[in-house]
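[1] Fold the stuff below for me.
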Amino acid sequence: MAQQRTAGDAARTKRAPRDTDDVPVPATLRKSLKNRHIQLIALGGAIGTGLFYGSSESISLAGPSILLAYLVGGLAIFMIVRALGEMSVEDPKAGAFSYYASRYWSKRAGFVSGWNYWFNYILVSMVELSVVGSFVNYWFPSIPQWVSAAVFLVVIAAGNLLGVSKFGEFEFWFALIKIIAVIAMILGGVAVLAAGLPTVSGVKASFANWFAVDGGFLPHGLMTRTADGQWTGLLMALCVVMFSFGGTELIGITAGETENPRVTIPKATNGIIWRILVFYIGALGVIMAVVPWDTIDGTVSPFVQIFDSVGVHAAAGILNFVCLTAVMSVYNSGLYANSRMLYSLARQGNAPAYLGRLNSRGVPVAGVITSAIITALAVVVVFLWPTFAFNYLMSIATIAGVINWSMIMVTEIHFRKVVAAGEGPGELAGLKGREALDRIHFKLPFAAAMPYIVLAFLACVVVLMCFSASYRIAVVAGVIWLAVLLAAYRLTQARR
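    The predicted model follows:
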């Protein structure tokens, strides 16, 4: 009878479709994300309202030298994602950061990493949903902003409940819209430069404007203190630049549901560096060649200014639509990441067990619904107490990114120690020392020193944040936040 049951079970397993979200199969995460999904998720991850609107702040701090800040910051982010990719390719799991920290470092590290990232995306989603109404009001001013937030929250949550392939499809199209918008802006700017079209500012469009306008390429030096006591310059711009890259690490979260992580994860990760070159350095370089950098004051998006400068005034409406899709993309990604993080935490024993259950479509429904409800409460806080939300809650979200990136690099150090000890995952199990490390498929470049270099760089960013009034509170909030997480871990262990 046992043999008959085994044979029957094998036959049923063989007949059951493996990668379709529409057919009931045993409750496991589905590897339904295809290569095109991963590539566009990786492409769109770093393109959001921070680029379309926030880039004006970084330009005002550093002028044309902001291009160097994006290059340096982009290299650091690339190494962080490479470190994550090294672990994801060998051991693809949902809730990547938390799982790896728990498996290769300690259960405490897994708890801190997972809940830090989950709360970070709750706060980021909170901000995105709270401003979605302003984009809707551009066309429909009579619709209350809370109604827009509620509608988008429900629609995105429902989409996430349909299955991971549906999430991938939504994110594919959201990312495609953003990418097309940036490429169109770059091509339009290049056309203005090539044709020598006159601009509203009266300054001829030229790449020479990087060096000829108001102080040249490095107008504020590395660090300069203004008359009102504020610090400016290239180094201070690094703070703004680093946080604009938030979201690139989402590649690691998708590894557990990717069809072929050994192929798609390296391909998507290696493409990050040229995406930064094109979508940040290329886009902002063209903008500052057409629009003098000292006229970019943040009152409107630099992307609108470049078209306004040559008389194309429909750009504001187009960019409003692009930003609306960007907001939807961020919340879509955030809800996906948070549900998988809660699932991973539950599997580790670091979250309530109900969050680790999957439905027949392979979706952690409890994680999706719980995250959506908490996000909704956070949005209510924004509408009722906006000062508290933006001054204090967003400070935690700001520093949480640095905490997450730092933990990825420390976890990678522990991962290599475990692999060298012969306790690595998959094909590395049983191999020791140099032989085991050489068998890693997607190695972090200069792995012996790179984690420490990146950690030193992130420490410098934190120090620079202390010189900025707007970021200083985030550093203080970060210390308190880490203490809260460590105390919460001790409390949960004591209760257990």
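[2] all contacts plus neighbour counts: C-alpha atoms, from now on.
    OK.
[3] What sits closest to Ile413 if chain neighbours are left out?
    Using C-alpha to C-alpha, 6 or more residues apart in numbering and skipping residues adjacent in sequence, the residue nearest Ile413 is Pro451, 7.1 Å away.
[4] which phi and psi does Arg225 have?
    With angles defined as degrees, to the nearest 10, Arg225 sits at phi -100, psi 130.
[5] Quick check: the gap between Trp146 and Ala227.
    To Ala227, Trp146 is 41 Å away according to C-alpha to C-alpha, to the nearest Å.
[6] who's more crowded, these two?
    In this view Trp146 and Ala227 are compared by other C-alpha atoms under 10 Å, and Trp146 has more residues nearby, 16 against 7.
[7] Make sure that one is actually in contact with Val131.
    No: counting by C-alpha atoms under 8 Å, Trp146 does not reach Val131; the two are 9.4 Å apart.
[8] Remind me what the helix ranked longest in the chain packs against, helices and strands.
    As assigned by DSSP state H, the longest helix anywhere in the chain is helix 315-348. Contact here means 3 or more C-alpha pairs under 8 Å, 6 or more residues apart in numbering; DSSP states H and E; on that basis helix 315-348 packs against helix 49, helix 96-104, helix 107-136, helix 145-161, helix 164-195, helix 250-254, helix 302-308, helix 365-384.
[9] Including mean pLDDT and distance to Arg275, could the ones you listed go into JSON lines?
    Formatted as JSON lines, the helices and strands packed on helix 315-348 follow (pLDDT from 0 to 100; distance: least, C-alpha to C-alpha, whole Å):
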{"stretch": "helix 49", "mean pLDDT": "69", "distance to Arg275": "16"}
{"stretch": "helix 96-104", "mean pLDDT": "91", "distance to Arg275": "23"}
{"stretch": "helix 107-136", "mean pLDDT": "90", "distance to Arg275": "22"}
{"stretch": "helix 145-161", "mean pLDDT": "91", "distance to Arg275": "26"}
{"stretch": "helix 164-195", "mean pLDDT": "86", "distance to Arg275": "10"}
{"stretch": "helix 250-254", "mean pLDDT": "82", "distance to Arg275": "14"}
{"stretch": "helix 302-308", "mean pLDDT": "77", "distance to Arg275": "18"}
{"stretch": "helix 365-384", "mean pLDDT": "92", "distance to Arg275": "30"}
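[10] any idea of the mean pLDDT in whatever helix or strand Leu68 lives in?
    Following DSSP states H and E, one finds Leu68 within helix 66-90. Helix 66-90 shows a mean pLDDT of 93.
[11] Just the buried positions in the longest helix of the chain, please.
    The neighbour-count check on helix 315-348 (16 or more other C-alpha atoms under 10 Å) flags 315-316, 319-348 as buried.
[12] picking up where we left off before, now for the residue nearest to Ile413, how many residues are close by?
    Pro451 has 24 neighbours, counted by other C-alpha under 10 Å.
[13] got the angle between the longest helix of the chain and helix 164-195?
    Counting by axes from the mean of the first three to the mean of the last three C-alpha atoms, to 10 degrees, helix 315-348 lies at 150 degrees to helix 164-195.
[14] mean confidence score for helix 315-348?
    Rounded mean pLDDT across helix 315-348 is 87.
[15] what does stretch 273-280 give?
    In this model, stretch 273-280 has a mean pLDDT of 80.
[16] start to end distance for that stretch?
    One end of stretch 273-280 to the other measures 10 Å (C-alpha to C-alpha).
[17] Give me the contacts around that stretch.
    For stretch 273-280, the surrounding residues in contact (C-alpha atoms under 8 Å, 6 or more residues apart in numbering) are Leu43, Ile47, Leu51, Leu67, Tyr70, Leu71, Gly74, Leu75, Phe78, Val182, Ile183.
[18] From Ser206, how far off is the last one?
    Here the criterion is C-alpha to C-alpha. By it, Ile183 lies 19 Å from Ser206.
[19] Which one's more surrounded, the two?
    Each of Ile183 and Ser206 has its neighbours counted (other C-alpha under 10 Å); Ser206 has more, 19 against 15.
[20] three-state assignment of that one?
    Counting by DSSP: H, G, I helix; E, B strand; the rest coil, the backbone at Ser206 sits in coil.
[21] For it, which non-adjacent residue is closest in space?
    Take Ser206 and drop its neighbours on the chain: the residue closest to it by C-alpha to C-alpha, 6+ apart is Ala289, 5.1 Å away.
[22] Do I have it right that that neighbour meets Trp210?
    Yes: at 6.4 Å, Ala289 and Trp210 qualify as touching, with contact defined as C-alpha under 8 Å.
[23] higher neighbour count, the two?
    Counting neighbours by other C-alpha under 10 Å for Ala289 and for Trp210 shows that Ala289 has the greater number, 25 against 22.
[24] Would you double-check that that one falls in a strand?
    No: assessed with three-state DSSP, Ala289 is helix; it does not lie in a strand.
[25] returning to that earlier point: check the gap between the residue nearest to Ser206 and Asp214 for me.
    For Ala289, the distance to Asp214 - C-alpha to C-alpha - is 13 Å.
[26] Over to Leu342?
    Leu342 is 50 Å from Asp214, where distance means C-alpha to C-alpha.
[27] just to revisit the earlier point, name the residues contacting each of Trp146 and Val131.
    Counting by C-alpha under 8 Å, 6+ apart, no residue touches both Trp146 and Val131.
[28] Just read off the phi/psi values of Val291.
    The phi and psi values for Val291, taken as degrees, to the nearest 10, are phi -110, psi 120.
[29] Great, nothing more from me.
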